[in-house]
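[1] just a sequence and a predicted model for now, questions to come.
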Amino acid sequence: MTSASGDGPKILEFPNAEVSPEERARRLKVEVERLASLPPVERLFYIECENVAEKHGVSRAAMKAMVEATIRENEKKAREDKAEDRQRMQRVEKDNVTAKREMEREQAKQKRQQERADKEAERKRKEREKAFEAIAKLPRLAHEVRLAELAKRSGEDLDFLRDEFAAYYVSADIDTKPIEPWDQPVDTHALLIELMAQLRRYVVVQDDVAIAITLWILCSWVHEVAVHSPLLIATSAEPDSGKSTLLGVLGFLVPRPYSVVELTGANIYHIVDLKNPTLLIDEADQLFRRKPALAEVVNVGWTRGSARIPRMMHGVMHEFDVFCPKVIGMLGLNLPGTTASRAIVCRLWPKLPSEQVADFRHVDDDNFTALRRKALRWAADSAAALRDAEPVMPSGFSNRVVANYRLLLAIADLAGGVWPKRARAAAVTLSHKPHQPSERLRLLAALRPLLATREQITSAELVELLIADPDGEWAEFRGRGPITQRQAAALLAGFEIFPVVLHPTKQASLSRRGYRRSQFGDLFARFLPNDPNIRTLKPERGKT
């Protein structure tokens with residue numbers, strides 16, 4: 001600021017601002033705490049040599065006393081904090097010790113409980129084995145009754161006992177006597193001839209059936225290289241046609257045979273997983289209809305890799321492998337379609353008076369032993385060559401039919417001579433569909449000739465032509481009169497074929513609806529490849 005007289009600038013000093021007692025006390029406290037935090041020599045320097053005390057309006061003695069008091073308080077607080085930390089650590093350590101002791105007590109308790117449970121389980125296991133030993137000596141038809149009695153007496157689940165007995169019984173029932181391989185290489189052609197001769201010594205079979213069965217026998221010996229395991233179905237229209245005899249003969253010609261009746265889905269995986277047998281299931285006339293779970297397991301066991309059945313056993317998950325060769329003997333062919341499509345069906349017929357075979361006594365002999373030894377040596381020498389074989393399939397074979405016959409035809413090709421041609425001829429004959437085509441497929445077959453000479457057909461014309469034959473299936477559809485347009489449309493909807501407008505009018509209700517030939521071209525090619533098995537006649541009552 002300058003003066004008005006113009007004599008030069010003058011400095012004007014402002015008076016010192018007054019500091020309140022509270023602010024003075026705060027500043028003093030801050031300074032005391034700062035000095036208390038310094039090393040002793042530096043602290044003494046500031047108190048004695050500097051005018052620190054005077055700046056804050058106290059004497060040096062008072063400042064020194066205040067600093068020393070603050071130091072004592074800080075040391076006291078530090079000791080208290082340290083003691084508190086030590087107590088906290090002691091409490092944590094004590095809690096850890098207590099928790100550890102509690103855990104050890106709980107573990108000891110669980111161990112005692114587990115030991116008691118294991119001891120009880122072992123006691124029950126020994127009791128079960130003792131009971132199983134007695135049941136195994138009884139005829140098989142008595143097993144189920146005795147197992148039910150054991151379940152009631154022991155308080156255990158009947159299905160569990162069935163599974164446990166299946167495992168126990170298999171180990172006692174299957175002949176595990178090792179086979180000595182033939183000491184020289186075995187010619188495939190010669191071995192097939194010998195096997196067929198042994199088969200026909202005891203069973204009357206047609207040529208195609210004999211070829212298929214003989215090839216299937218060798219297939220069972222190289223089953224380890226198979227991707228798919230075709231079921232061998234021995235069936236007949238009437239009893240006393242040689243089915244049981246055939247299964248008995250096969251029991252001496254295949255590896256690790258295991259014969260069984262009344263098999264269930266609950267124990268098949270025990271049998272197959274435990275012994276990897278060739279399974280011989282006889283008297284299966286109604287078995288697969290009565291026990292759908294068995295059909296499901298058999299279907300899964302058709303393909304290697306997918307043949308895994310997960311089951312909980314004593315609290316532990318186990319996977320059971322059900323991939324093995326299977327022979328099924330049955331009267332008729334009462335099989336689910338999904339099972340029949342995985343099978344090679346061999347029909348047997350009662351023998352004529354002129355057809356003489358030896359009496360099969362279900363006893364092993366030197367001929368059977370020699371054939372098994374030769375088959376084992378042949379399998380060891382031939383499995384590698386068959387693993388990646390891709391035989392040429394007969395015309396029209398596809399999907400499961402190819403899978404069923406791939407290994408059999410590969411064996412025939414390996415044999416050479418007449419076998420490749422005869423094997424394929426037998427495959428064509430036996431691969432005809434063994435089950436009734438569905439209503440939907442039969443309707444598709446009936447439509448093909450109707451659309452052969454026209455581009456389109458109305459729904460009314462379609463029904464009129466279908467019911468023209470009074471003896472045809474469609475004139476008495478499902479036993480309830482002629483098939484209707486709505487019923488025909490419902491069947492074709494399964495192929496994603498729906499009626500379209502053929503003759504539009506201004507009034508939608510008067511427009512004529514029907515089908516165009518172009519809608520069916522792909523379906524005819526896929527589902528009706530000139531297959532002689534599709535029939536349009538009235539099916540057996542109750543079958544669709």
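    Ah, there it is.
[2] what segments of the stretch 201-350 of the chain are strands?
    With DSSP state E, counting those that start in this stretch as the definition, the stretch 201-350 of the chain shows strands at residue ranges 231-236, 257-260, 278-281, 308-313, 316-321, 326-331, 343-348.
[3] okay if I get the ones you listed as a markdown table plus mean neighbour count, mean pLDDT and distance to L465?
    Heads up, the C-betas are built off the backbone N, CA and C, glycines and all. Converted to a markdown table, those look like this (neighbours: other CB atoms under 10 Å; pLDDT from 0 to 100; distance: least, CB to CB, whole Å):
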| stretch | mean neighbour count | mean pLDDT | distance to L465 |
| --- | --- | --- | --- |
| strand 231-236 | 24 | 94 | 37 |
| strand 257-260 | 21 | 88 | 51 |
| strand 278-281 | 24 | 92 | 46 |
| strand 308-313 | 13 | 69 | 50 |
| strand 316-321 | 12 | 72 | 53 |
| strand 326-331 | 23 | 93 | 39 |
| strand 343-348 | 22 | 93 | 34 |
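[4] how many residues are close by L371?
    Residue neighbour count, defined by other CB atoms under 10 Å, stands at 19 for L371.
[5] tell me, how many neighbours does F495 end up with?
    Here the count is done by other CB under 10 Å, and F495 has 17 residues near it.
[6] for it, what are its contacts?
    Each residue near F495 by CB atoms under 8 Å, 6 or more residues apart in numbering is listed here: 440, 444, 523, 527.
[7] check these and tell me the two furthest apart.
    Between all members of those, the longest pairwise span (CB to CB) is found for R440 and L523 and amounts to 10.3 Å.
[8] ok, G242 - contacts?
    The neighbourhood of G242, defined by CB under 8 Å, 6+ apart, consists of 203-205, 236, 348, 350-351.
[9] now F252. Its backbone dihedrals?
    With angles defined as degrees, to the nearest 10, F252 sits at phi -100, psi 0.
[10] hmm, R372 and it touching each other?
    Yes - shown here, F252 and R372 form a contact pair, counting by CB atoms under 8 Å, at 7.4 Å.
[11] A446 and L466 touch, don't they?
    Yes - using CB under 8 Å, A446 is in contact with L466, at 6.2 Å.
[12] now for the two: what residues contact both?
    Shared between the contact lists of A446 and L466 (criterion: CB under 8 Å, 6+ apart) are residues W474.
[13] element containing the residue lying closest to A134 once chain neighbours are set aside, please.
    Take A134 and drop its neighbours on the chain: the residue closest to it by CB to CB, 6 or more residues apart in numbering is R146, 7.8 Å away. Using DSSP states H and E, R146 sits within helix 143-154.
[14] P482 in helix, strand or coil?
    Taken by DSSP: H, G, I helix; E, B strand; the rest coil, the conformation at P482 corresponds to coil.
[15] so what's it up against?
    If you count contacts by CB under 8 Å, 6+ apart, P482 has them with 463, 466-467, 474-476.
[16] for it, what are phi and psi?
    P482 adopts backbone torsions of phi -60, psi 150, taken as degrees, to the nearest 10.
[17] per-residue pLDDT of it, please?
    Here the pLDDT value assigned to P482 is 92.
[18] against L465, how distant is it?
    As judged by CB to CB, to the nearest Å, P482 and L465 stand 12 Å apart.
[19] now do the buried residues in stretch 64-78.
    64, 66-67, 70-71 (16 or more other CB atoms under 10 Å).
[20] pipe these into JSON lines and attach secondary structure, distance to I193 and pLDDT per row.
    Putting the buried residues of stretch 64-78 into JSON lines (DSSP: H, G, I helix; E, B strand; the rest coil; distance: CB to CB, whole Å; pLDDT from 0 to 100) gives the following:
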{"residue": "K64", "secondary structure": "helix", "distance to I193": "124", "pLDDT": "86"}
{"residue": "M66", "secondary structure": "helix", "distance to I193": "121", "pLDDT": "90"}
{"residue": "V67", "secondary structure": "helix", "distance to I193": "119", "pLDDT": "88"}
{"residue": "T70", "secondary structure": "helix", "distance to I193": "115", "pLDDT": "91"}
{"residue": "I71", "secondary structure": "helix", "distance to I193": "114", "pLDDT": "90"}
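[21] could I get the residues you listed as JSON lines with distance to E262?
    Listed next are the buried residues of stretch 64-78 as JSON lines, based on distance: CB to CB, whole Å:
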{"residue": "K64", "distance to E262": "107"}
{"residue": "M66", "distance to E262": "104"}
{"residue": "V67", "distance to E262": "102"}
{"residue": "T70", "distance to E262": "97"}
{"residue": "I71", "distance to E262": "97"}
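[22] flag the shaky bits of the stretch 251-400 of the chain, pLDDT-wise.
    Low-confidence regions of the stretch 251-400 of the chain, defined here as pLDDT under 70, cover residues 265-267, 307-308, 312-317.
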